[in-house]
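S.K.: Sequence plus predicted model, see below.
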Amino acid sequence: MSARTTAMRRPDSSSRRRSALRALLISVAATGLADRALAHHSFASVFDRERPVVLTGTVSRVEWMNPHTWFYIDVENADGVAEQWALELGSPNNLIRHGWTRDTLRVGQSVKVAGYRARDGSSTAAVSEVTLASGEPLSGGQQGSE
């Protein structure tokens, strides 16, 4: 057997390491893509159109990011205790098309929110409309909630 035939049968250790590294990188990339796909959801799987909510409160945090923008408001419940609600908007790009900017919501600002409560009963909702203190209504910018 020639040296060339033997080399074709038994890859050297650097070749095996490159193959293992390549397989590892492909696996990591595939896992990252799967996480993004799972993170995005259908409206109906998370929110219930049969459970509309209207909330008035003070903005405590805004997270302008993909695939959905989130903001949080403190709402006084029936017992007079502040309860924080997590509110899901559409993507930043979709919000911009509906007249939003990064500065539309500011911490400390009073807002009225209409939307649909999460199926799990948590203080989470998909926003169909936000009414600013000025009275200006803005779309929540997501399909399924309008």
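M.R.: Looks like it came in fine. Keep in mind the model is a prediction, meaning the values are calculated, not measured.
S.K.: strands paired with the top strand by length along the chain, and their directions?
M.R.: Assignment by DSSP state E gives strand 47-63 as the longest strand of the chain. With DSSP bridges as the test, strand 47-63 is paired with strand 70-76 (antiparallel), strand 110-118 (antiparallel).
S.K.: how about whichever helix or strand comes after the longest one: buried residues?
M.R.: Past strand 110-118, heading to the C-terminal end, the next element that is a helix or strand (DSSP states H and E) is strand 124-132. Buried positions in strand 124-132, judged by neighbour count with 16 or more other C-beta atoms under 10 Å: 124-131. Every C-beta, even on glycine, is put in place using the N, C-alpha and C of the backbone.
S.K.: domain assignment for the chain?
M.R.: Domain segmentation of the chain under automatic domain parsing yields 3-39, 43-139.
S.K.: Tell me which of these sits most buried.
M.R.: domain 43-139 (a mean of 16; mean count of other C-beta atoms under 10 Å).
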